[in-house]
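K.L.:
The following block contains a protein sequence and its predicted model.
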Amino acid sequence: MEILIQQEVLRSAHQNIISIIDKSASKPILSNFLLRTISGENGDHNEAEFSATDYEISIIEHFPAEVIQAGSICVNAKKVYDICREFQGNDIRIRSTEQHWVHITSGASEMRLPLVEVGLYPQTELEQFSESLTLPAQDLKQCIDMTLFASQTNESRKNLMGVNLSSKEGNLTRWLATDGHRLAQVLKGVESASFESVSDVIIPRKALGEIRKAIELFGEEVTISFDDRVMQFVGSQVSFKTRLIEGKFPNCDPIIPKDNHLVAIVDRERLVSALRIVSSISYEKLKPVKLTLTEGKLRLESEKAEYGEVSDEMEADYSGEDFQVGFNSRYLLDALGVIQTERVKLECKNPMSPSVIRAANDEEYLAVIMLSLIHISEPTRQAEMAD
C-alpha cells in the first residue's frame, strides 16, 4: 500500500482513534489501528479508511487521499500519532513493504515501524438493524451536551453510566440521564423513528463523549440504528458502533415534579456569575449555597459560615411567597451551562421537593435537582432515588 495524505487530515483521523484504542497492556492488538484504501463510486481508490476498536466502541473514518497503490496495513496508533503530529510538511507519504514494515515520510522526516498482520486485528462491520432514527447532527450534539453531564461516572450503578434513549408519541425521542442526585432530560423531534421491538436503550457515556468530539465529521444528518445489544451512529465521514449498557434504566417520571408553584425567571449569565462568586469561598466538594426568593429579588449566600461569608443579589421575575432553598452549586452550574437562552426558569415547591431548571421559553429541556436541602445525607439521597 502507498498513499499521500495531508498532515491535517491524518492528525484529525488520529485524534479520534487515540481516544478509542485500548491503552492497557492486557490486549496489545488493540493498541493498533487499521488503515486501508477504499474505492469511490467510479471504482478508483481515492479514499483512506481508518478504523479502531476496544471491543466496546468502534470507529470508522473516511478521508480523501491520493492512492498510489491500494492495500491495507495495521500499525501502532500512538507511535504514528506522536510522530506525525510533529511533521512540518503538508503532505505525508505512507508506504508499506512486503517485509511488513511501513515507511512514513514528510519532507526530510521519515520513520519506519513494524506492521501487524491485518487478519489478526478485529474487523468492524456495520450491520442492518430494524430499529432506527434519523436526526440532524447538530440536534444530536445538543442532546448529548444537555444530558451527558448528569450521567453517573462511577460503576456503582452501571445502568446510570449513560443516557437513556426512548421514543414518545409521534417522531419524538426522549434523552434522559441521572446520577441519583440530579437529572437532565431533552425531548427532541426526529425526521423518522422506529422503536418496534426495543422500547428504550442505555447508550454508554464514553461512546457519546467520543461521538460528540467527532460531531463535525457526521455531516448534516446522523442515522442511528440499533437492537437490544448494539447501536450504530452513521454519518458522511465517520461511523461509530458501540455496545449498549445492559440492565433497566430507572423510571424517573415520578421524580420530575409537575406542580411546582414557586416560579422565578432570571438572567442566566447573571445567575451563573453569582453562583461562582458565592460558592468560591467554600472548600467543600459540594460548594453549598442558599437561595432566597422574595418579590422581585433572588439573593444567594454561602451556606457554610465557618469559611467566611459571601452574598450576591440579583433581579428576578418573581411574585410568590418568600422562600429559601439550599443547592449544590456545582449541580446548578452544570445545568445552567448547557442552556443557551438569555433567561432561565427556576421552579420550586418546598425545600424537601426536587427543583426544576428550564430555559425560560423552551419546554424541550429540563434539569432536576433531586433534593434541594444540601445537608441531607448521601445514603438518604440514594434511597430517595432508588424508591
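P.N.:
Happy to help now that I have it.
K.L.:
Could you list the low-confidence segments of the stretch 201-350 of the chain?
P.N.:
Applying pLDDT under 70 to the stretch 201-350 of the chain flags the ranges 283-284, 303-305, 307.
K.L.:
Likewise for the stretch 1-150 of the chain?
P.N.:
Ranges of the stretch 1-150 of the chain meeting pLDDT under 70: 40-45.
K.L.:
can you pull out the strands in it?
P.N.:
2-6, 32-39, 45-53, 57-64, 66-69, 72-76, 91-96, 101-106, 109-114, 131-136 (DSSP state E, counting those that start in this stretch).
K.L.:
Put the alpha carbons of the third one into PDB.
P.N.:
Right, the one you point to is strand 45-53. What follows is strand 45-53, C-alpha atoms only, in PDB (Å, rounded to 0.1, in the frame of the first residue of the first chain):
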ATOM      1  CA  HIS A  45      -9.200   4.200  -5.000                       C
ATOM      2  CA  ASN A  46      -9.400   7.800  -3.700                       C
ATOM      3  CA  GLU A  47     -10.100   7.500   0.000                       C
ATOM      4  CA  ALA A  48      -8.400   6.100   3.100                       C
ATOM      5  CA  GLU A  49     -10.400   4.400   5.800                       C
ATOM      6  CA  PHE A  50      -9.200   4.500   9.400                       C
ATOM      7  CA  SER A  51     -10.800   2.100  11.900                       C
ATOM      8  CA  ALA A  52     -10.100   1.200  15.500                       C
ATOM      9  CA  THR A  53     -11.900  -0.600  18.400                       C
END
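K.L.:
Mind listing residues that contact that strand?
P.N.:
3, 5, 13-14, 17, 20-21, 30, 32-40, 58-67, 70, 77, 122-124 (Cβ atoms under 8 Å, 6 or more residues apart in numbering). In short, each C-beta sits where N, CA and C put it, glycine included.
K.L.:
Quick check: which of the strands of the stretch 1-150 of the chain is nearest to Lys285?
P.N.:
strand 57-64 (30.0 Å; Cβ to Cβ).
K.L.:
what sits up against stretch 244-252?
P.N.:
Contacts for stretch 244-252 (Cβ under 8 Å, 6+ apart): 158-162, 164, 176, 178, 183, 185, 200-204, 226, 228-231, 385-386.
K.L.:
can you tell me which of the strands of the stretch 1-150 of the chain comes nearest to Val222?
P.N.:
Ranking those by proximity to Val222 (Cβ to Cβ) places strand 131-136 first, at 6.2 Å.
K.L.:
Sitting in strands, which of the contacts of stretch 244-252 do you find?
P.N.:
Taking DSSP state E as the definition of strands, those contribute 162, 164, 176, 178, 183, 185, 200-204, 226, 230-231.
K.L.:
Most neighbours among these, which one?
P.N.:
With neighbours taken as other Cβ atoms under 10 Å, the top of these is Ile203, carrying 27 neighbours.
K.L.:
give me every residue that touches that residue.
P.N.:
Contacts of Ile203 by Cβ under 8 Å, 6+ apart are 162-165, 231, 242, 244-245.
K.L.:
in the sheet, who's paired with it?
P.N.:
Residues in a beta bridge with Ile203, per DSSP bridges, are Val163.
K.L.:
Can you list the buried residues in stretch 164-177?
P.N.:
For stretch 164-177, a neighbour-count test (16 or more other Cβ atoms under 10 Å) marks 164-167, 171, 173-177 as buried.
K.L.:
now the strands of the stretch 1-150 of the chain as CSV including mean neighbour count and distance to Ala359?
P.N.:
As requested, those are exported to CSV (neighbours: other Cβ atoms under 10 Å; distance: least, Cβ to Cβ, whole Å):
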stretch, mean neighbour count, distance to Ala359
strand 2-6, 18, 41
strand 32-39, 21, 41
strand 45-53, 21, 38
strand 57-64, 21, 31
strand 66-69, 15, 48
strand 72-76, 21, 46
strand 91-96, 20, 45
strand 101-106, 18, 48
strand 109-114, 13, 51
strand 131-136, 18, 19
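K.L.:
want to throw the ones you listed into TSV with distance to Thr153?
P.N.:
Below are the strands of the stretch 1-150 of the chain laid out as TSV (distance: least, Cβ to Cβ, whole Å):
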stretch	distance to Thr153
strand 2-6	36
strand 32-39	27
strand 45-53	23
strand 57-64	17
strand 66-69	43
strand 72-76	29
strand 91-96	37
strand 101-106	37
strand 109-114	35
strand 131-136	26
